[in-house]
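Q: Dropping the sequence and predicted coords here.
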Amino acid sequence: MTLPKNAAPLAHTVTDAPFDPEAIYQYTDAQKSLFEASQLRLMWWKFRRHKPALISAIFLGLLYLSTLFSEVLAPYNLHTRHSGSIYAPPQSVHLFHDGQLRAPFVYGYDFKLNMENLKREYVPNTDKIETIRWFCSGDDYDFWGVIPASFHIACPAEGGSLFLLGTDRLGRDVLSRIIYGARISLTIGLLGVGVSLVLGILIGGMAGYYGGLFDVLSQRLIEVIQSIPSIPLWLALAAILPITWSPIFVYFGITVILGLLDWTGLARTVRSKLLALREEDYVSAAQVMGASSFRIVSRHLIPGFASHLIATATIAIPTMILGETTLSFLGLGLRAPITSWGVLLTEAQNINAVALYPWLLWPVLPVILVVLAYNFLGDGLRDAADPYK
Amino acid sequence: MLYYIFRRVLMMIPTLIITSALIFAIIEAPPGDYLESYIAELQAQGEAVDTAKIEYLRKEYGFDKTPVERYFTWVSGMFVGDFGYSFAYELPVTAVVGDRIYLTILVSMATIIFTWLIAFPIGIYSATHQYSWNDYGFTFLGLLGLATPNFLLALVLMYLANVWFGTSIGGLMDPRFVGQPMSWAKFLSVLDHLWVPVIVIGTSGTAGMIRRIRANLLDELQKQYVTTARAKGLHPFRALVKYPLRMSLNFFISDIGSLLPAVISGAEVVAIVLSLETTGPLLISALQSQDMYLAGSFLMFLSLLTVVGVLISDIALAYLDPRIRLSGGVRK
């Protein structure tokens, strides 16, 4: 602004707009929605910006959704054996034959037993064109173990085969078994974390709120459990499960074992958060108004750090999935006929399998992807749950 | 300092007592005992069961007593170096375990050193080049190592070593050295075989370590004293090494506490896959045949190893960082 000349009158402007003395206190729409947003909404905004976490969440969501329709997604039934195609290598999907575009198809195998080394040899025969059928009726199954049906998204051609990831020693389709195995492998982590969440909140909550002798004892116990190497302890606990138990009992037994050794970290988180929060004014207010300890802890304190707790629990899930895989691999975890990714990997236990039938290692891919996805998701959730970031 | 060490050693005692009780409870939990399965096995083979001998064994090993009495026999035995008797091997536990414990310690130590050598430079690089492509790349590689099941990595490495080098890397030494006394040639053979288990066990721990070093160093780098040092014209490298790095070294040592149980765990699984002469395969078979003293003393050894490892790291930490021994309630 240039200054007016000496003694010149100042320019005078009058605006007709009504004067609002509150104007400077008003927020823009963007600010308003930020200030009025609930804690959950704030978390969602922050979470959305963490791209790997978002992608992981979508990926995991799709996987869990797929476990609802495993029977339909898998081209074969879990237990169908193909005695004519034992240890068949993966068939790849082709689109072109003799330079011509066709519907997706696979080349059929010519099978020959090499009499010199007794090796099964499968050679793709380019004359056998087996077009994949879509939305078709194939192997029979009981949907969710109840409704008999035979509908599949994709089936092999009539009389042909569709082993996209090869077959195992009984001629069972590896891809179908991986799809079915997701049911067990994905839920075991969730159930295990459920067990450890309950234990962690209960023990950590009591230690943090009451303190005193219980606190000292539980802290000692946590230290001890954390100082014992986990896998030997898992092995010892898994050895307790009686052989006579039905597979489904063993499944629950393993989840409990995984949860029993994992609650320590959660209990520590709960305890330290409670110790900090119980000094807050609103807790004193609740006490003065006569609320019971249980009500204070469950209604006022736990919601205060629930989001943080969920993030911590998410990071614990991959450990459990890996733990189940390891236990099953060593033969102390789940047993057939229950099919998890770890059980599938027991097929690839010796070096012969790796050398001759490397496709038996495919079940490890979903394990790695799921563990990675949970790690990213946990990171994203933790950042989103942290109000100071 | 001496007082701190004394206090720290004293604190180990309740920990070890709870550990032993926990382990004993777990080992005792399955129904039946070794003698019962032994008798069943003899009967299955159609051999006569010598009742007198069974009764003698039952008395000798205290199976006629209550679990609480047996627990105290077991624990008090440990103080005089008697760790019980392995039924399956018909040898004292110490004789069965002996060498294997040393090999477990060797593999664990080598793994921790390997983890440090890999994680330290990468962690520093990631922290100083935050959000660069290499930072993302290393983080991802680390996570990949974390996500791959150890046993699988062991299998694949074993196969690759076989294809590329034509060596069989199963075991921890050349077969002809097994059972031989320690010699220079045996030592070299062990070194030759050591790298596979070390890499396999190390990968999972390295990822976590890189992330923690990165986070710790990032915290330090944002502090005022770093800015001051830079403002006064200290070379960026010196400003990194002289102060922030030393601060994160503390954490490095205290991290042994969380690293050690993981390393020993990993060593067990990998040992089973690679059939190393460490403790893993022995523990599994002992657990399966309910060879309870062997399994129990074993778990106890492993826990003791971790507890002592943590103790050493705590003492080293207190030596390096005076704030820690002071906050421990020790007078100056």
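A: Perfect, thanks for sending it. Residues are numbered from 1 along each chain as shown, chains lettered A, B, ... in the order given.
Q: Contacts only, for A:Val354.
A: Contacts here follow Cβ atoms under 8 Å, 6 or more residues apart in numbering or on different chains; on that basis A:Val354 touches A:348, A:361, B:155-156, B:158-159. Just so you know, the C-beta spots here come from the backbone N, C-alpha and C atoms, and that holds for glycine as well.
Q: three-state assignment of A:Gly108?
A: A:Gly108 falls in the strand class when you classify it by DSSP: H, G, I helix; E, B strand; the rest coil.
Q: list the contacts for it?
A: Neighbour list for A:Gly108: A:124-125, A:128-130, A:160-161 [criterion: Cβ under 8 Å, 6+ apart].
Q: pLDDT wise, what is the spatially most central residue of chain B at?
A: To find the centre residue of chain B, average its C-alpha atoms and take the closest one (Cα atoms, centre = their mean): that gives B:Ile264, at 2.3 Å. On pLDDT, B:Ile264 comes in at 77.
Q: And for B:Tyr136?
A: 82.
Q: A:Leu78 should be in a helix, yeah?
A: No. Checked against three-state DSSP, A:Leu78 lies outside a helix; its state is coil.
Q: do the lengthiest helix in chain A and chain B meet?
A: When chain A is parsed with DSSP state H, its longest helix is helix A:174-210. No. Among the residues of helix A:174-210, none lie within reach of chain B under Cβ under 8 Å from any Cβ of the partner chain; the closest is 11.8 Å away.
Q: Now that helix: average pLDDT?
A: What helix A:174-210 shows for mean pLDDT is 87.
Q: can you map out the strands along chain A?
A: A:94-97, A:100-114, A:119-131, A:133-143, A:147-155 (DSSP state E).
Q: Give me the mean pLDDT for the shortest one.
A: This means strand A:94-97. Rounded to a whole number, the mean pLDDT of strand A:94-97 is 80.
Q: What is that strand packed up against?
A: Using 3 or more Cβ pairs under 8 Å, 6 or more residues apart in numbering or on different chains; DSSP states H and E as the contact criterion, the secondary-structure elements in contact with strand A:94-97 are strand A:100-114.
Q: For the residue of the stretch 1-150 of chain A found nearest chain B, which non-adjacent residue is closest in space?
A: Per Cβ to the nearest Cβ, A:Pro52 is where the stretch 1-150 of chain A lies closest to chain B, at 9.5 Å. Leaving aside its sequence neighbours, A:Pro52 sits nearest to A:Phe376 (Cβ to Cβ, 6 or more residues apart in numbering or on different chains; 4.3 Å).
Q: Test my guess that the one you found contacts A:Ala53.
A: Yes. Here A:Phe376 reaches A:Ala53: they are 5.1 Å apart, a contact under Cβ atoms under 8 Å.
Q: quick one: secondary structure of B:Arg214?
A: Reducing the assignment to helix, strand or coil with three-state DSSP, the entry for B:Arg214 is helix.
Q: Neighbours of A:Gln287, how many?
A: Summarising burial for A:Gln287: neighbours were counted as other Cβ atoms under 10 Å in any protein chain shown, giving 13.
Q: Could you find the closest non-adjacent residue to it?
A: Computed as Cβ to Cβ, 6+ apart, the closest residue to A:Gln287 that is not its neighbour in sequence is A:Ile296, at 6.8 Å.
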